[in-house]
Structures are given as structure tokens and as C-alpha cells.
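A.B. asks: Provided below for reference: sequence and predicted model.
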Amino acid sequence: MEKITSKQNARVKAWAKLATKKGREASGTYLLDGWHLVQEALNHKAKFHAIIVTDELLAQHQEDFPLGVPVFVVPADIAKFIGDTVTPQGIFAEVTLPEKTFDPSYVHDGAWLLLDAIQDPGNIGTMVRTADAAGFRGVVLGEGSADVFGPKVVRAMQGSQFHLEVLKGDLATWTDALQANNLPVYGSELNPEAKNYREIDPTLDFALIMGNEGQGMTEELAAKTTANLYIPITGDAESLNVGVAAGVLMFALKL
């Protein structure tokens, strides 16, 4: 165990850089902020590089730390410097970024959420967490989506990245491959040609595409889907937040 008291410490600077995509890609790691996320990583055998903790949290959780993982004790000001929140919880874990390759041509079952250029970290985290709750097998982030291991997304996922597949991929390729394997792929659209989602029978094996917050799905993907669906709005709101719409559709479509 080592105490660090200076923000100029090389390790502190490296941990702070994990708030950036460039920093995460350079190190191959990302940061978990808070005991709940650290505990999820422990429960799911994530590869730990370091635990960073204040004295207060050390006293509460030291017995839970995995053997052989370096532990660094820091004061509150350094915890705030490392963290991406105004009031960090006082415990962090640096863990390895997943390096998963996944060929969709081998996917023959399960429910999959495909995110087409979703840019808001909170929306991505909410949808990953909701997919987890709805029993989905995985989430695939297409080009233009925010980095799923950025601090805001990681907080919003609340550990769901440990419960299901979270992948990057070309959504056109995924759509073609899943349909070739007899999985319907549904899009979400505000379009007179789209179907009311209530017309679709729930099933175990399918994919759902949610499009960009402002532009929706790309025309290329919209043309490839088995069907595009809409949620009837009976009030005066023009549209639903994409995370809310995804939640409605995931629970309605999943058997």
C-alpha cells in the first residue's frame, strides 16, 4: 500500500488522463468511480490494475480488495482531481478495457440493442442498463456513438457492462448478419410508413436499432430493417427521449 499526496505524482496524472478516450486507449484501461462499480468488477472477475482510495473508504472496504492488486491511498483533493464528478465517492479502480471481437455471423439467438450514432453519454448508459434489465444479450455501438467507457457512460451503466456484451461494430454488417440468421431487426422511426410497435409479437431473438437523438437512424439502416416501429404519442409532446423510447420498445418486444 502506498500513500500519494501530490497531484504532480505520475500515477495521479495517468489516472486523470483516463477521463479521456485518448488516455484510455493509450493505457488499455478505464476508471471505475464508487464502491458499487468496484464491487461489480470484483464480482465479475475484471482485471484490476490499481485501487485508489481515501482513508475513510479504505477503512470500510480494505478487507474486500483482491490480493496482489496495488492499493494507493489519496486525500480527498486528489480523489476529486482524478474523478469526473464534483463529489467523488472516494474509491476508484483502474481496470482493463475489454478487448472483444465478435463476428455477428455467429449470432443465432438472443436480443440485441444496436445504437446508431447515439451521442449523449447518459442516453447510452441508460440504454445499456435497461437492456441488461430487459434480459438482452448485448449492445452494439455503431459509428458516431460516444465512447462506452467514458466516465459519464460508465456511471450511467451502473455496472451493466459486466452483465452483457457491450461491443463496437458496423451496424449495417450486424443487420445483414442477424437477418441472414433469421433474427428480425427492428428500427425505430417517426415515420408514417412505420408500424405501431404493438403490432409486433414479442420474441426471444431479435435486434432493435435506436437512432441518433436528433437525426434518427441513417437511411441506409432504415432501408435494411425487417420493420421500422413507432410509439404512438397521445399527449402533446413531439417525441420521446431516445432512452425512454428504447426502454418502452425493449420491454415490449422481448418475450
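C.D. replies: Yep, that arrived. All values derive from a computational prediction rather than experimental measurement. Numbers count the residues shown, from 1 in each chain.
A.B. asks: if you go through the chain in chain order, where are the helices?
C.D. replies: 10-17, 21-27, 35-43, 55-61, 76-82, 121-133, 151-157, 171-180, 219-224, 242-253 (DSSP state H).
A.B. asks: grab the nearest non-local neighbour of residue 31.
C.D. replies: Setting aside the residues directly before and after it, residue 31 is nearest to residue 18 in space (C-beta to C-beta, 6 or more residues apart in numbering), at 4.4 Å. (C-beta placed from N, C-alpha, C; glycine too.)
A.B. asks: just put the helices of the chain in TSV and tack on mean pLDDT.
C.D. replies: Formatted as TSV, the helices of the chain follow (pLDDT from 0 to 100):
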stretch	mean pLDDT
helix 10-17	97
helix 21-27	96
helix 35-43	96
helix 55-61	95
helix 76-82	94
helix 121-133	98
helix 151-157	96
helix 171-180	98
helix 219-224	96
helix 242-253	98
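A.B. asks: which one, of the ones you listed, ends up nearest to residue 49?
C.D. replies: Within the helices of the chain, the stretch nearest residue 49 is helix 21-27; the backing value is 8.4 Å (C-beta to C-beta).
A.B. asks: what helices and strands are in contact with the closest one?
C.D. replies: Helix 21-27 is packed against helix 10-17, with contacts defined by 3 or more C-beta pairs under 8 Å, 6 or more residues apart in numbering; DSSP states H and E.
A.B. asks: the same query, at a cut-off of 7 Å, please.
C.D. replies: If you count contacts as 3 or more C-beta pairs under 7 Å, 6 or more residues apart in numbering; DSSP states H and E, helix 21-27 packs onto no helix or strand.
A.B. asks: how is the protein divided into domains?
C.D. replies: 2-96, 104-253 (automatic domain parsing).
A.B. asks: what about residue 22, neighbour count?
C.D. replies: If you count neighbours by other C-beta atoms under 10 Å, residue 22 ends up with 8.
A.B. asks: could you do the one 4 residues further on as well?
C.D. replies: When neighbours are defined as other C-beta under 10 Å, residue 26 has 12 of them.
A.B. asks: surely the residue nearest to residue 31 touches residue 24?
C.D. replies: Yes - assessed by C-beta atoms under 7 Å, residue 18 is found in contact with residue 24 at 5.6 Å.
A.B. asks: common neighbours of the two, please.
C.D. replies: residue 30 (C-beta atoms under 7 Å, 6 or more residues apart in numbering).
A.B. asks: neighbour count for those two, which is higher?
C.D. replies: Set side by side, residue 18 and residue 24 show more neighbours around residue 18, with 22 against 19, by other C-beta under 10 Å.
A.B. asks: how about that one, phi and psi?
C.D. replies: Main-chain dihedrals, residue 18, degrees, to the nearest 10: phi -70, psi -10.
A.B. asks: okay, it: pLDDT?
C.D. replies: Here, the pLDDT recorded for residue 18 equals 97.
A.B. asks: nearest spatial neighbour of residue 130, skipping sequence neighbours?
C.D. replies: Distance criterion C-beta to C-beta, 6+ apart; nearest residue to residue 130, sequence neighbours excluded, is residue 247 at 4.7 Å.
A.B. asks: how near is the one you found to residue 180?
C.D. replies: As judged by C-beta to C-beta, to the nearest Å, residue 247 and residue 180 stand 28 Å apart.
A.B. asks: neighbour count winner among these two?
C.D. replies: Taking neighbours as other C-beta under 10 Å, residue 247 and residue 180 compare with residue 247 leading, 19 against 10.
A.B. asks: surely that one meets residue 129?
C.D. replies: No - if you go by C-beta under 7 Å, residue 247 and residue 129 don't touch, sitting 9.5 Å apart.
A.B. asks: ends of stretch 20-36, how far apart?
C.D. replies: Stretch 20-36 has an end-to-end distance of 22 Å (C-alpha to C-alpha, to the nearest Å).
A.B. asks: dump the helices of the chain to a markdown table, plus distance to residue 164.
C.D. replies: Listed next are the helices of the chain as a markdown table, based on distance: least, C-beta to C-beta, whole Å:
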| stretch | distance to residue 164 |
| --- | --- |
| helix 10-17 | 27 |
| helix 21-27 | 20 |
| helix 35-43 | 12 |
| helix 55-61 | 26 |
| helix 76-82 | 28 |
| helix 121-133 | 5 |
| helix 151-157 | 10 |
| helix 171-180 | 15 |
| helix 219-224 | 22 |
| helix 242-253 | 12 |
